[in-house]
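Trainee: Give me the fold of what follows.
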Amino acid sequence: MSNLPQPIKNLGKSQLSKAADKFVDFVITKYTGKSIKVFEAEGDIEADKVKTRWEILEKPFWLQAEAAKMNRQYSNMGVALMKAAPWVIAEENKITDDNDVFWGLLEHSKEISNEQMQDLIAKIIAGEYNQPGTYSMSTLQVIKSLGKSELEKFEKNCTVLINNLHFLYNFYSFGEPQSEMRVALGINYKDFVECQNLGLVQTNAISQNIDLKKDEIIKMVYFDKPILLKTKGDVKNYTLLNIYQLTNAGQQILQHLSPMPSDLFYNWAKKHIAGSHFEII
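Mentor: Residues are numbered from 1 along each chain as shown. Predicted structure coming up:
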């Protein structure tokens, strides 16, 4: 057992329950290719027999599989680093060993072969390198749940984002013209719910209540287009917006996507928000 780290050696010598022993043996075998019992018995005749079987029959297949796996993983990481390089601007490396977000992103990049996902993770790796602490652990966990399809669904739904943060609750209702508009824009309510389940959008709707004063100007934005509304009269505790909101992870990921605005939605949103209490400027 001379080649094993001491904690692993200690595991081999520990008196474990049958279940725990089976668990430990499973994990060690998975990561080393050899049972912990083989390591424990090294130097014994029985261990020699086991090792002989391992060396002759099992090791070549294991090495071949590991080589293929490592080739794929480091190829993926290499592509991610190449894509990240143009975005790196920090001249000084401030990444520490305990920056779990940065190292976690690098580890995850080994598993990503889709070009669109590689583009995303490369920009985030570069951003975290440039300024450690830019991204959160929640963003890392969400990214691990995303594939090309999920990313495209999120980007598509962000076509209808108000103030770069809010989704109008009523847009996802089953009334008209919302349902017809969603079809025209290629937006599916189920995809929106999936974005919520993935941690990109908050699951609970919230309301924004304000006191309105006559002739007050309310400003919002849809992409680069303003939504300007003027109040028609005084109203106490008016529900201006009933909305879903992007999570922190959703906001951080959206920075690297390119949803396209829609005039169809823009014109509907102005009328919907204005209601009977505002006039559109």
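Trainee: Any stretches of this structure with poor pLDDT?
Mentor: Scanning the chain for pLDDT under 70 picks out 1-13, 16, 23-24, 27-28, 31-32, 36-58, 61-62.
Trainee: List of residues touching the strand ranked longest in it?
Mentor: For the chain, the longest strand by residue count, based on DSSP state E, is strand 235-245. Here strand 235-245 makes contact (Cβ atoms under 8 Å, 6 or more residues apart in numbering) with 162, 165-170, 172, 196, 201-202, 204-212, 218, 273, 277. In short, each C-beta sits where N, CA and C put it, glycine included.
Trainee: Given it, what are its sheet partners and their directions?
Mentor: strand 166-168 (antiparallel), strand 206-212 (antiparallel) (DSSP bridges).
Trainee: in the helix or strand just after it, what's buried?
Mentor: Where DSSP states H and E defines the elements, the next helix or strand beyond strand 235-245 is helix 248-254. In terms of neighbour count (16 or more other Cβ atoms under 10 Å), helix 248-254 has its buried residues at 249-250, 252-254.
Trainee: Leu246 reaches Gly199, doesn't it?
Mentor: No. Using Cβ atoms under 8 Å, Leu246 makes no contact with Gly199, being 10.3 Å away.
Trainee: tally of neighbours for Gly104?
Mentor: Using other Cβ atoms under 10 Å, Gly104 has 17 other residues around it.
Trainee: could I get the helix or strand hosting it in PDB with only the CA atoms?
Mentor: Following DSSP H and E, one finds Gly104 within helix 100-109. This file holds the C-alpha atoms of helix 100-109, laid out as PDB (Å, rounded to 0.1, in the frame of the first residue of the first chain):
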ATOM      1  CA  ASP A 100     -14.200  26.700  -5.900                       C
ATOM      2  CA  VAL A 101     -16.100  28.500  -8.600                       C
ATOM      3  CA  PHE A 102     -13.100  28.900 -10.900                       C
ATOM      4  CA  TRP A 103     -11.800  25.400 -10.400                       C
ATOM      5  CA  GLY A 104     -15.300  23.900 -10.600                       C
ATOM      6  CA  LEU A 105     -15.800  25.600 -13.900                       C
ATOM      7  CA  LEU A 106     -12.500  24.200 -15.300                       C
ATOM      8  CA  GLU A 107     -13.500  20.700 -14.100                       C
ATOM      9  CA  HIS A 108     -16.900  21.000 -15.700                       C
ATOM     10  CA  SER A 109     -15.400  22.200 -18.900                       C
END
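Trainee: Centre of the chain to that helix, how far?
Mentor: From the chain centre to the centre of helix 100-109 is a distance of 12 Å (Cα atoms, centre = their mean, to the nearest Å).
Trainee: and if you look at stretch 189-206?
Mentor: 13 Å.
Trainee: Other residues contacting that stretch?
Mentor: With Cβ under 8 Å, 6+ apart as the criterion, stretch 189-206 contacts 138, 141-142, 145-146, 150, 153-154, 156-157, 167, 169, 172, 182, 242-247, 249-250, 253.
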